[in-house]
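>>> A structural model of the following input is requested.
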Amino acid sequence: MRPASFNLTPLFCLFVSTLLTATVVAAQEPTQGSSERRTIVAERLTVSESITLDGQLDEAVWRRAQMASDFRQIDPDNGMPATESTEVRIAFDSNTMYLGVIAHDSEGSRGLTRYQKRRDEYLQSDDKVVWTIDTFLDGRSGYFFETNPSGAMSDALIGTTGQNRQWDGIWDERVSRNANGWAFEVAIPFRTLNFNPNSDTWGFNISRSISRKNENTIWMGWARNQGIQRMTNAGQITGLTNVTQGHGLDIKPYILGTAQDAPLRNQKLGGDGQAGVDLFFNPTPALRTNLTLNTDFAQTEVDQRQVNLTRFSLLYPEKRDFFLDGSTFFDFASPGASGSGNFRAADTGSDLIINPFFSRRIGLSDTGDPQKILYGTKATGQLGGEDVGVLHVRTGDDNQLIGEDFTAARQPRRLFQQSYVGAMYTRRDPGASGLDARHTMGLDFRLATSTFRRDQNLSVNGWYINGTQPGITKGTEAYGASLGLPNDKWNLNFDVRSVGENFNPAVGFVTRNAYRRYVPMVTYSPRPANNTVVRQFNFKVLGDVQTTLDNTKIASNLTIQPFQVELAAGDQFGAQIMPRSERLDSPFSINISPGRRVTLPIGARYDFLRYQVNWRTANRRKVAFEGRYEAGDFYGGTRDEFVTNITFRILPGIFVYTAAELNKITLAQASFTTRLFRVVPELQFTPFLTWVNNVQYDTVSGVAGWQSRFRWIVKPGNDIYVVYTHNWLDDPLLAQFATQDRRLSTKALYTYRF
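Sure thing, here's the model as predicted:
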């Protein structure tokens with residue numbers, strides 16, 4: 001029997017009508033005037049003055065610099081003054097901006113939570129100070145920095161789709177702790193930043209979190225639908241005149257030595273050495289260019305292992321520095337389309353990813369094996385007052401992969417204060433192989449405002465992508481739109497998309513083809529008044545309807561969250577109910593162990609109901625738990641899933657992270673169990689000296705892996721890495737683990753700045 005047709009015309013017309021109405025409203029909303037912003041004036045150092053980074057703030061310039069204070073609570077008592085005072089001062093000379101912060105604490109250094117030390121770690125468990133800088137004063141991009149009382153240094157780029165946490169800027173910092181709390185001094189060279197040289201004013205905001213109180217305070221934008229990364233609600237730094245990036249030239253050479261073998265592939269022990277260089281040049285303070293020659297990524301962290309029990313490919317994020325630098329300039333409006341691939345499935349159903357440019361397609365095989373990159377060039381920043389991103393990379397013949405030319409170009413044109421209309425182009429040319437080049441074109445827009453109904457967020461997004469295929473002219477396009485009202489108490493979103501049967505972006509990532517999808521979502525998150533136990537409830541309903549391109553329904557999923565509770569202490573727990581229905585429009589092959597799989601036939605229909613409970617303790621705890629248990633029907637059988645993460649914070653700088661995932665599945669065709677284990681002990685001696693070990697094993701691949709990664713930051717921009725990787729295959733014939741491959745790499749990088 002042919003499944004019933006699903007008539008989507010009325011629903012689509014309603015959505016388009018709503019979208020157009022919201023677009024007009026968003027475009028007509030007044031923007032927030034700069035007169036409403038708090039301002040701090042940066043103090044210039046005299047010719048004879050200098051700042052010694054020691055966290056003491058005892059130089060004369062700090063005494064005469066203007067102070068910003070009066071932080072207000074985001075949580076728990078929104079809008080009320082912070083319970084602990086914070087003092088912020090900014091100074092600068094021609095080459096460097098300095099930030100000095102004194103974080104008073106009534107319990108002194110004894111009350112501080114300060115476990116993390118490693119560069120670029122998330123500081124979720126610790127006391128911390130976060131600051132953001134909008135160097136173009138455009139309200140849509142910027143730089144993110146954070147630190148804690150142990151001097152940990154983390155940074156990121158802020159783009160239209162969120163953060164690029166993998167970006168490593170060159171800056172320095174020192175922290176001091178005393179009976180009054182803690183303080184720190186930061187030096188950020190202007191050559192680390194892109195900025196508008198014709199403006200003496202930047203957007204700026206700063207926030208502080210006090211872990212033991214679960215308190216989050218901020219200088220500007222304390223409404224709960226604003227926060228530290230919403231630069232339209234930030235304050236401003238003024239007085240930044242006569243600053244320079246020097247000659248704007250950075251030369252970053254490296255030397256590398258490796259030794260490796262692969263016994264199971266009959267590759268004997270061998271070693272080699274090589275060298276390469278990255279050149280960075282700023283033709284203007286707003287535009288950064290990069291040339292990389294003989295590129296190698298030996299220091300890159302290993303991917304986190306995943307067990308795939310879905311019908312579609314999993315995405316692994318980009319981790320290579322060359323591609324991460326400036327990646328936010330390649331962000332696109334389609335679901336999951338971050339230039340860096342650093343994507344986490346959101347509640348809007350964006351786990352089916354449609355990304356026209358995913359840099360991990362360059363220089364890596366589908367299995368993650370590296371391919372030699374001969375050279376790469378890139379330009380990111382602003383040109384003529386408009387954002388621009390251009391990239392070109394040439395790979396060499398390596399690992400049975402042919403050398404290719406890759407090109408990507410992106411330009412969003414700004415509209416109003418928070419909106420844009422943009423275009424993207426990618427090219428993949430095998431060249432010498434005689435195969436045709438493939439091209440992808442994309443158009444997108446975003447209309448957004450943070451002043452809808454005076455203080456609410458509203459956004460409307462739309463996108464269209466077409467990727468050429470040799471000999472194929474139909475079904476190569478994908479398009480979609482979304483309407484969102486992401487606010488504190490109410491969060492509403494509606495997403496629609498259509499993906500052609502032959503859609504395959506040349507340098508992109510797409511989870512699946514030949515479907516349409518409609519995803520409405522509503523969450524309601526009230527905060528009970530005068531409740532010292534519960535901070536916030538969260539209730540959610542998420543729908544997901546998928547059809548073929550002729551509107552025949554193939555899946556309908558509903559997620560009902562009857563409750564999610566966040567306690568005042570920071571602990572959380574909740575539950576979900578998930579009724580689902582699916583008809584397989586292609587065979588579903590499940591890998592259950594090396595060389596063994598189960599295949600469910602095309603056309604089979606399944607109705608199932610699943611339940612989930614989840615929990616997470618406060619991150620500040622010395623032993624912190626996070627996990628979920630999910631059970632119920634699974635494609636005509638049952639599946640029990642248990643996922644847990646336990647973090648042991650033994651002492652500041654000494655951690656053990658553990659993770660485990662267990663799936664027990666019973667189907668008509670077979671019963672099986674999959675397991676995944678991960679243990680990551682870390683020794684963080686100082687913010688500049690760390691040793692991380694990552695041990696992983698899963699029963700689906702039968703491979704156990706260990707990466708040991710030592711990093712010494714001699715000074716910011718100058719690094720020494722020692723990385724050892726060893727993989728073992730669980731060999732059932734030998735009843736033991738046999739070495740599959742191993743590699744030792746030592747790499748040194750040095751940055752010359754002119």
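
>>> Quick one: list the elements packing against the longest strand along the chain.
Of all segments of type strand in the chain, defined using DSSP state E, the longest is strand 267-284. Applying 3 or more C-beta pairs under 8 Å, 6 or more residues apart in numbering; DSSP states H and E, one finds that strand 267-284 contacts strand 249-262, strand 287-295. C-beta: built from backbone N, CA, C; applies to glycine.

>>> isn't R709 right next to W691, touching?
Yes - using C-beta atoms under 8 Å, R709 and W691 qualify as a contacting pair, with a distance of 7.4 Å.

>>> of these two, who's got more company?
R709 (20 against 16; other C-beta atoms under 10 Å).

>>> What residues are bridge-paired with the more buried one?
Listed beta-bridge partners, R709: V692, V723 (assigned using DSSP bridges).

>>> how close does it sit to R620?
26 Å (C-beta to C-beta, to the nearest Å).

>>> same thing with A575?
25 Å.

>>> what sits against S482?
Going by C-beta atoms under 8 Å, 6 or more residues apart in numbering, S482 touches 348, 459-462, 493-496.

>>> I should have written N502 there, sorry.
Taking C-beta under 8 Å, 6+ apart, one finds 469, 472, 474-476, 513 in contact with N502.

>>> Quickly name whichever of those is closest to M80.
Proximity to M80 was ranked across these by C-beta to C-beta; first place goes to N513, at 52.0 Å.

>>> From the rest of the structure, what touches stretch 128-135?
With contact meaning C-beta under 8 Å, 6+ apart, stretch 128-135 is reached by 86, 99, 101, 103, 141-148, 158, 184, 193-196, 202-209, 228-229, 231, 234, 237.

>>> Which one's more surrounded, A575 and R620?
R620 (19 against 15).

>>> what about I158, neighbour count?
22.

>>> For it, list the residues it contacts.
With C-beta under 8 Å, 6+ apart, I158 has these contacts: 132, 141-144, 229, 231, 328.

>>> Output these in CSV; the columns should cover pLDDT.
CSV is the format used below for these (pLDDT from 0 to 100):
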residue, pLDDT
T132, 97
S141, 83
G142, 90
Y143, 94
F144, 95
Q229, 89
M231, 88
T328, 84
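
>>> What subset of the residues you listed is buried?
Buried members of the contacts of I158, scored by 16 or more other C-beta atoms under 10 Å, are 132, 141-144, 229, 231, 328.

>>> Could you check how far G480 is from V496?
The spacing between G480 and V496, counted by C-beta to C-beta, is 6 Å.

>>> Also G422?
Taken as C-beta to C-beta, the span from G422 to V496 is 20 Å.

>>> what do you get for S586?
Distance from S586 to V496, by C-beta to C-beta: 22 Å.

>>> So between the two, which is more surrounded?
V496 (22 against 14).

>>> What strand or helix carries N457?
If you go by DSSP states H and E, N457 is part of strand 456-467.

>>> how far does that strand sit from the chain's center?
19 Å (C-alpha atoms, centre = their mean, to the nearest Å).

>>> and what of stretch 544-554?
On C-alpha atoms, centre = their mean, the centre of stretch 544-554 falls 30 Å from the chain's centre.

>>> Same question for stretch 152-160.
9 Å.

>>> Got phi/psi on A60?
Dihedral pair for A60: phi -60, psi -30, per degrees, to the nearest 10.

>>> can you count the residues close to the residue lying closest to L662 once chain neighbours are set aside?
Ranked by C-beta to C-beta, 6 or more residues apart in numbering and with sequence neighbours excluded, the top spatial neighbour of L662 is F642, at 4.6 Å. A count of nearby residues for F642, using other C-beta under 10 Å, gives 14.

>>> and of the contacts of S482, the nearest to I590?
Using C-beta to C-beta, the contacts of S482 come closest to I590 at T348, 26.8 Å.

>>> neighbouring strands for the next helix or strand after the strand holding N457, and are they parallel or not?
Next in sequence after strand 456-467, counting helices and strands by DSSP H and E, comes strand 477-486. Strand 477-486 has its sheet partners listed here by DSSP bridges as strand 456-467 (antiparallel), strand 490-499 (antiparallel).

>>> The stretch 301-450 of the chain: strands as residue ranges?
354-355, 373-383, 386-395, 405-415, 419-429, 438-452 (DSSP state E, counting those that start in this stretch).

>>> And those strands: which comes nearest D633?
strand 354-355 (28.6 Å).

>>> And that closest one, what does it pack against?
By 3+ C-beta pairs under 8 Å, 6+ apart, strand 354-355 packs against strand 509-510.

>>> Who are the packing partners of the helix or strand where A624 lies?
Secondary structure from DSSP H and E places A624 in strand 623-634. Contact partners of strand 623-634 among helices and strands, from 3+ C-beta pairs under 8 Å, 6+ apart: strand 605-616, strand 637-651.

>>> of all those strands, which lies closest to N164?
strand 637-651 (23.7 Å).

>>> so what strands line up beside that closest one?
With DSSP bridges as the test, strand 637-651 pairs up with strand 623-634 (antiparallel), strand 654-666 (antiparallel).

>>> Make JSON lines from these and add distance to F280 and mean neighbour count to it.
Shown next, in JSON lines, are the strands paired with strand 637-651 (distance: least, C-beta to C-beta, whole Å; neighbours: other C-beta atoms under 10 Å):
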{"stretch": "strand 623-634", "distance to F280": "39", "mean neighbour count": "16"}
{"stretch": "strand 654-666", "distance to F280": "33", "mean neighbour count": "17"}
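
>>> To P285, which of those strands lies closest?
Closest approach to P285 among those is made by strand 654-666 (39.3 Å; C-beta to C-beta).
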